[in-house]
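Undergrad: structure of the sequence below:
(chains A, B, C and D)
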There are 4 protein chains.
Amino acid sequence: MSKQLDFTLDTLGPCKIPSPMKISSVVGDNMVDYTSDDQCVLYNIDTVFSQPVDGKTLQRITVAGPRPKIYFNPSHVNAGIVTCGGICPGLNTVIRSIVRCLWYSYGVKRIIGIPNGYPGFLPEYNYAPIPLNPDIVDNIHKMGGTVLGTARGGGDRVEEIADSIERMNLNILFCIGGDGTLRGARDVSKECEKRGLKVSVIGIPKTIDNDINLLQRSFGFETAVAKACEAVSSAHVEAKSVHNGIGLVKLMGRHSGFIACNAAIASAEANFVLIPEVKFDLNGENGFLSHLERRLVSRKHAVIIVAEGAGQDYVHADGKDASGNKKLGDIGAFLKEKIRQYFEEKKIPMTLKYIDPSYIIRTQPADPNDSFYCSLLGAHAVHAAMAGKTNTLVSQLNDRYVYIPIDAAVSRRNYVNPEGHLWRDVLETTQQPASMTER
Amino acid sequence: MSKQLDFTLDTLGPCKIPSPMKISSVVGDNMVDYTSDDQCVLYNIDTVFSQPVDGKTLQRITVAGPRPKIYFNPSHVNAGIVTCGGICPGLNTVIRSIVRCLWYSYGVKRIIGIPNGYPGFLPEYNYAPIPLNPDIVDNIHKMGGTVLGTARGGGDRVEEIADSIERMNLNILFCIGGDGTLRGARDVSKECEKRGLKVSVIGIPKTIDNDINLLQRSFGFETAVAKACEAVSSAHVEAKSVHNGIGLVKLMGRHSGFIACNAAIASAEANFVLIPEVKFDLNGENGFLSHLERRLVSRKHAVIIVAEGAGQDYVHADGKDASGNKKLGDIGAFLKEKIRQYFEEKKIPMTLKYIDPSYIIRTQPADPNDSFYCSLLGAHAVHAAMAGKTNTLVSQLNDRYVYIPIDAAVSRRNYVNPEGHLWRDVLETTQQPASMTER
Amino acid sequence: MSKQLDFTLDTLGPCKIPSPMKISSVVGDNMVDYTSDDQCVLYNIDTVFSQPVDGKTLQRITVAGPRPKIYFNPSHVNAGIVTCGGICPGLNTVIRSIVRCLWYSYGVKRIIGIPNGYPGFLPEYNYAPIPLNPDIVDNIHKMGGTVLGTARGGGDRVEEIADSIERMNLNILFCIGGDGTLRGARDVSKECEKRGLKVSVIGIPKTIDNDINLLQRSFGFETAVAKACEAVSSAHVEAKSVHNGIGLVKLMGRHSGFIACNAAIASAEANFVLIPEVKFDLNGENGFLSHLERRLVSRKHAVIIVAEGAGQDYVHADGKDASGNKKLGDIGAFLKEKIRQYFEEKKIPMTLKYIDPSYIIRTQPADPNDSFYCSLLGAHAVHAAMAGKTNTLVSQLNDRYVYIPIDAAVSRRNYVNPEGHLWRDVLETTQQPASMTER
Amino acid sequence: MSKQLDFTLDTLGPCKIPSPMKISSVVGDNMVDYTSDDQCVLYNIDTVFSQPVDGKTLQRITVAGPRPKIYFNPSHVNAGIVTCGGICPGLNTVIRSIVRCLWYSYGVKRIIGIPNGYPGFLPEYNYAPIPLNPDIVDNIHKMGGTVLGTARGGGDRVEEIADSIERMNLNILFCIGGDGTLRGARDVSKECEKRGLKVSVIGIPKTIDNDINLLQRSFGFETAVAKACEAVSSAHVEAKSVHNGIGLVKLMGRHSGFIACNAAIASAEANFVLIPEVKFDLNGENGFLSHLERRLVSRKHAVIIVAEGAGQDYVHADGKDASGNKKLGDIGAFLKEKIRQYFEEKKIPMTLKYIDPSYIIRTQPADPNDSFYCSLLGAHAVHAAMAGKTNTLVSQLNDRYVYIPIDAAVSRRNYVNPEGHLWRDVLETTQQPASMTER
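TA: Numbering: from 1, shown residues only, chains lettered A, B, ... in the order given. Predicted coordinates for the structure are as follows:
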């Protein structure tokens, strides 16, 4: 086993306790099976026919699932769940799944929710923990948001969080959140290790933007795309209902334009998509405004999708939000004004309607396929924790559920590749120019 | 390159014509790229840490995408599209995507729809071909069904179909359909080859049941699961609104219980799931009816999902339908009656509501994420055809879009593995017994 | 005041207690006002210009709303709510509104739900009453069905119900149900009066079929029509996706075809509507089957909506259900078979898909406009009860909320008038023949 | 017939041509009937029991419907349809219904759409009329917006419009729009009369705000309320997902708060509703901000709905838009900032999310019940036109479809009565103070 290439996981120690789940370890007995720690899936599987496959360069990832032996005695477990950062569809479904899997599959009965994100650990807020059981979470998957409450920041106050974990006697902690949250989870895990505490810290990556590395798709993303398509349709209706109508929709995507790209392809109603990964000129013969004018003259209406992180060269914003994210300039408002000016100067009458559906999108409950995904992520998080893994993330990669070290996931972001097939499909769908910068 | 292990594709001949798509072949120039025939992805990637990876045993699959050089001169292309078998969400989106990609990306302007499935090729019906262009297909993705019409059967009349292809001078044919349709496509491809006709026959696999081999998920499946969840919710409401209420939902799944399993996990409202892959006893201490009684006594309501192909030992049906599928006995009606009898004999009053939402499910338009998927399948089918591939299927595997030989896909079905993680997750969610057969 | 013509209400006695709602009795002070018992609305307002209006022939109905003085001391009130008969959208919203209005507007804190319909009063079932308060009902309006449970029948066991009311010390009872339930409510009210019990019995009419007299529209009806339209769309997609496709949808409507008519007009996708109020021949030159054939030959597809109570001359059923309703023959299955036979004999190939969406329709939660309506019906029921009215129904008529005596409402049904404008609009929309009986 | 009190209609002249609709004029023959010009409905039906009904004070309104004799020979009719002002749900359904009724019920085959509102009549734009027939409009009711295009203003250029009507030889014009549009229609009707042109001008009132007098509810209103409820739910989810969360939703309602009120009652998730008809203080002990603080302290979250026309004393805007409507100050942005300042000064941390869903709401297609309503409005408009009525509006009042003179409808607006039952129900639902002004 090549330590160097494979993704290896931190664990609290050997698993000696037989799992209370009464399933099979025998393949071929027609009964559902445990997953062994030996099972893995190849990661870097893109290659070429013209060269033989070199087995040594292939990285392997641990397959997720319940283990036949577990680390914790369920009757000694105190589990906590915390949700951090902005809300997104599916948070409640993940919480529900964690609670039900702990309770029904392992018999863990002491489960609490940490209120309002990492600050819920901090003494100054004095929030009371939220007791959780299957009855309490029974219907929460039909509601958007998070029943635990959430907040930005606080993940850097590692020692106080560890103090709080000690005080509450938690030995399992599920952290549901984005980049910053996961870094916090990693640091808390390390701090606990340093203190000799046997605490399993498991991350469930949450990013409506789909921009976390080593994650095929983030939960809530499909629901977000579906709801975003509604806004694009509204923009399309506005644009088509008047002469020279322009519909402009700002969609989420701070660093990565995945929602914008998927919504454009799924709705098939956008004519321009602007994303952070692809630069564009505003002015000039090959700039965005010229192309928009040509579209308007020939077709009398146009629909534009802009990801919130696009065109940040044009808008200025200073500082960071409480999550530590760089503040973004408002590209939507900026474009709206620039377009207005441009056509006013050209004396071309037009009507622009600007839609920002972000809060409507992120407050949706998970749609059924996201619910399915959230349910599995939650259950696999529990299996990882009960088997004593820590500093570990639940993910889906190459169409398999896997466990990966948190560090590997937060080391870089996931981007829309400007040379790749997703952006190619956007260009095919929108028929926008391959490049809108000076040639 | 190991011919033996890799999935190799049939082609009409070498590609010599530069693609009219003006994209890049250079990696690193920040412009979207063509996909070369050399690009592939590893297929059999499930392995174990305890053994070194043997590169020689790994199978490779061709990656889908537009090629820098193509086989057909676009101005000589006559393309046809045929939809066969039962309808499912997304058919119109696939049709739309094929037409738009042919038209806009390649400049192909002669496109027809074959009306009403393979019979549309047969002289006896005398159906007129349906002219297709981007205007005609502009809004069809918002409608369920297929604008081309469909029918079962006819795929075995290979010579007549080939005659018709000759008569219509088609050199590209897109066949959208299930197992039988794809076998027909393969045979038509072979017949054309035998006649020396340069016809590219490309299959787009359609199976609402998700039971086609070498296909990660079939288009329309997610929409079907989402709509199935509505019916499960209805059953749940009925069951909970009366004392001892039972909701029974029959879902699609002739051979494979994927819709049933996914709907159970996504809705989290079913207590029993019966699928073709897992046998169950009706009677006896460990039979389904005893377990149902126990559930009803303890919780006063129960929800059952049964896949249409489950429990076929109990129901008898002879013959085949026009598609050549074995007729199934009506397990839904059977169970409804058996449950009624059982509780009547036990003198336990109960109210059972039976819901069969099949036609409501399969007539839905594709939801946004299915639309996204259908759009890409359609475009990749066009890229394959223009590059002169034939007897080839568009698929998604290991989270990549790929081309595979039709034969490989129709050689066996895709089943829910009774020992695998999907069924395990169903058992976790429903808390139904791991086995309902005599122990 | 003409007792003879006006609708007069039973009351328990004079209202002497000032209402705890702190609103105004003064018109013109810009503060919301109480409604006085003197306020009424004209009922029979259809007339002709050619004759002068004779004021004496006009009937008047009491306007609903909170009274400045009430009959019950809120702190002495024990209120009960019972839901009876089949479920329909909005039941939970009505329950929620009653509980909230009692609690917040009047300060009534002792509220119970009677479980599982009128049988919940009967000693043999021994069901425990369900305590109700605003927290318990907070989210129930988002769920279909009834959280109290429901059952058919039991409304004729008036003395036992009155015994139970005495035992539970109830002085207000809200009965939510159809014809039979309302007759039960009337009889219970009379029995209480006979016993000298001061019990207010208020009915909230529930009939998904919209067939209750003196009720402009029943709650849940609009939601039902909206969901029915989905099934009609599915039938339309099925019919259009094959050559000679027929979609057949059975909709609710035992005696009255309102859902069928409204769904036909709203969806604009049906070609034939069959309702209980309008006879039709099956055979013969002017029979339904001949017309269906003509439609199929000319347009290649057809969509039929049949109300469950239509064509009962053709199907036989004996006996009554537990609600005392005459059992209906299954006209849907009958038509399906007759159509199959007819075209088989004529050797016209066709494909028929039959959809029965009843349970999916009636299990929906109320859509927003129905929720609005249910909220107001519930509140007005509370205002009536607190003011000591009994044997009284909450209704909407001539676009006003009113109180009417139960007897007036249950004395006859509401029908689609075969000469009236609704049926005329159906004929215009479907373009079906004005008559399909022998001429 | 009391000319003084009744609403009497303008007509082009006597109806001498038998209607081509083959329906009955005989009551009792079980066939659908024409509606005679004599049929009417009482209008002012709110009264009191304590006084006898005086027939002489009752106003009567003409009942809508097809007349047995009509004014126009269908083969001579040139009909035009124009949609003006902002878009709202149902426009396309009304257009579709008009076209189908003209075509199928009367045999009128020359129908055009005037493009882009009243400007479509004006020579300077040189827009080409849009030919209309049942095929063209077949699926438009499933799309939001208007296929004819719309624009603000132009209704005051009466002579040019009349010139254009003459040039196009139109003898029927359907004007779908709000207050300004209807005034334009009235003036065009008068101008045609002055010129001796026999042109029927029929208005179909469009106002998403529901603020047109003599109109029970405007088409699209229910769809708007339903979609508005989604935004309120999003605000509720945002507010509940954080500590001290505030959700602020701005809804349509320039002069009348109907959408705000109905959405508040239907969603049951708002704590404050601010509408144009009810003044409120911002500051002071009984001001809005104090009440908001109290709510936040006690419940940790709050949801506010503000109608766009509310609180205009606080925001300043000059000028009018192209429709001639006074421009409104942005009360949403104003409140957002005031709330932020208030809590910052009080050093109470809170998180406010502001949602403006207006364009998403008004671009929806009509939901089924609105579609039903739109279909009937359209058909009744056609019946009025064919019978030679002019300067006439189609409306629903007292739950009947009626014709009223345009002038009567545009003479004043429809408001939420601050003393009436709708506002009372809002106060009951939200539990906001009866008054938020200085006491």
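Undergrad: next up, the contacts around the nearest residue to A:R217 once chain neighbours are set aside.
TA: Spatial nearest neighbour of A:R217, chain neighbours left out: A:N210 (5.9 Å); criterion: Cβ to Cβ, 6 or more residues apart in numbering or on different chains. In this view, the C-beta of every residue, glycine as well, is placed from N, C-alpha and C. With contacts defined as Cβ atoms under 8 Å, 6 or more residues apart in numbering or on different chains, A:N210 is in contact with A:217-218, A:221, A:256, A:258-259, A:414.
Undergrad: next step: the residues you listed restricted to helices.
TA: Among the contacts of A:N210, DSSP state H puts A:221, A:258-259 in helices.
Undergrad: for the least confident helix or strand in chain A by mean pLDDT, buried residues please.
TA: Here the helix or strand of chain A ranked lowest by mean pLDDT, DSSP states H and E is helix A:406-410, holding a mean of 92. Judged by neighbour count using 16 or more other Cβ atoms under 10 Å in any protein chain shown, the buried positions of helix A:406-410 are A:406, A:408-410.
Undergrad: look up how far A:Q341 lies from the residue of chain A most remote from its centre.
TA: Using Cα atoms, centre = their mean, the residue of chain A lying farthest from its centre is A:K347. It sits 43.8 Å away. For A:K347, the distance to A:Q341 equals 12 Å [Cβ to Cβ, to the nearest Å].
Undergrad: ditto for A:F280
TA: 17 Å.
Undergrad: quick one: contacts for the closest residue to chain C within the stretch 251-400 of chain A?
TA: Using Cβ to the nearest Cβ, A:P365 is the residue of the stretch 251-400 of chain A that sits closest to chain C, at 10.3 Å. Shown in contact with A:P365 (Cβ under 8 Å, 6+ apart): A:89-90, A:92-93, A:141-144, A:223.
Undergrad: out of those residues, who's the most crowded?
TA: In terms of neighbours by other Cβ atoms under 10 Å in any protein chain shown, the contacts of A:P365 top out with A:G90 at 34 neighbours.
Undergrad: make sure that residue is actually in contact with A:S218.
TA: No. A:G90 is beyond contact range of A:S218, at 9.0 Å (criterion: Cβ atoms under 8 Å).
Undergrad: residues from the stretch 151-300 of chain A in reach of chain D?
TA: Neighbours of chain D within the stretch 151-300 of chain A, by Cβ under 8 Å from any Cβ of the partner chain: A:151, A:230-231, A:233-235, A:237-238, A:240-243.
Undergrad: and those, which is closest to chain C?
TA: A:E230 (16.5 Å).
Undergrad: was I right about A:E191 contacting A:A162?
TA: Yes. A:E191 is in contact with A:A162 according to Cβ under 8 Å; the separation is 4.4 Å.
Undergrad: for the stretch 251-400 of chain A, which segments count as strands?
TA: Listed in chain order, the strands of the stretch 251-400 of chain A (DSSP state E, counting those that start in this stretch) span A:272-274, A:301-307, A:351-355, A:389-390, A:392-397, A:400-405.
Undergrad: the third one pairs with which strands?
TA: The reference is to strand A:351-355. strand A:245-251 (parallel) (DSSP bridges).
Undergrad: ok, now the longest one?
TA: Strand A:301-307 has its sheet partners listed here by DSSP bridges as strand A:245-251 (parallel), strand A:272-274 (parallel).
Undergrad: which of those sits closest to A:G85?
TA: Closest to A:G85 of those is strand A:245-251 (Cβ to Cβ; 18.0 Å).
Undergrad: and the closest one, average pLDDT?
TA: Averaged over strand A:245-251, pLDDT sits at 98.
Undergrad: can you check stretch A:67-74 too?
TA: 98.
Undergrad: same question, stretch A:366-379
TA: 97.
Undergrad: quick one: residues in contact with that stretch.
TA: Against stretch A:366-379 from outside (Cβ under 8 Å, 6+ apart): A:89-90, A:92-98, A:100-101, A:105, A:141, A:204, A:217, A:219-223, A:226, A:394, A:396, A:401, B:222, B:225-226, B:229, B:262-263, B:265-268, B:367, B:369, B:425, B:428-429.
Undergrad: got a pLDDT number for the residue found closest to A:I339 once you drop the neighbours it is linked to in the chain?
TA: Of all residues not flanking A:I339 in the chain, A:L352 sits nearest, at 5.9 Å (Cβ to Cβ, 6+ apart). Looking at A:L352, its pLDDT stands at 98.
Undergrad: and the gap between A:L352 and A:E337?
TA: 10 Å.
Undergrad: picking that back up, A:E191 and A:A162 - which one has more neighbours?
TA: A:A162 (21 against 18).
Undergrad: and that one, its phi and psi?
TA: Phi and psi for A:A162, reported as degrees, to the nearest 10, are phi -60, psi -40.
Undergrad: over to A:S218?
TA: According to degrees, to the nearest 10, A:S218 has phi -90, psi 150.
Undergrad: look up phi and psi at the residue of the stretch 251-400 of chain A found nearest chain D.
TA: Closest approach between the stretch 251-400 of chain A and chain D, counting by Cβ to the nearest Cβ: A:T363, at 3.9 Å. Dihedral pair for A:T363: phi -90, psi 0, per degrees, to the nearest 10.
Undergrad: ok, it - how many residues close by?
TA: Neighbours around A:T363, by other Cβ under 10 Å: 28.
Undergrad: my guess is it contacts D:E230, does it?
TA: No. The pair A:T363 / D:E230 is not scored as a contact, 9.3 Å apart, by Cβ under 8 Å.
Undergrad: just to revisit the earlier point, and the contacts of A:N210, which of them are buried?
TA: A:217-218, A:221, A:256, A:258-259, A:414.
Undergrad: out of those residues, which is nearest to C:G332?
TA: Checking those one by one against C:G332 (Cβ to Cβ), the nearest turns out to be A:F221, at 41.7 Å.
Undergrad: for B:Y34, see how far away the closest one is.
TA: Distance from A:F221 to B:Y34, by Cβ to Cβ: 28 Å.
Undergrad: columns pLDDT and distance to C:A384 on top of the buried ones among the contacts of A:N210, output as TSV?
TA: TSV is the format used below for the buried ones among the contacts of A:N210 (pLDDT from 0 to 100; distance: Cβ to Cβ, whole Å):
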residue	pLDDT	distance to C:A384
A:R217	91	54
A:S218	94	53
A:F221	97	50
A:S256	95	58
A:F258	97	56
A:I259	97	51
A:N414	92	61
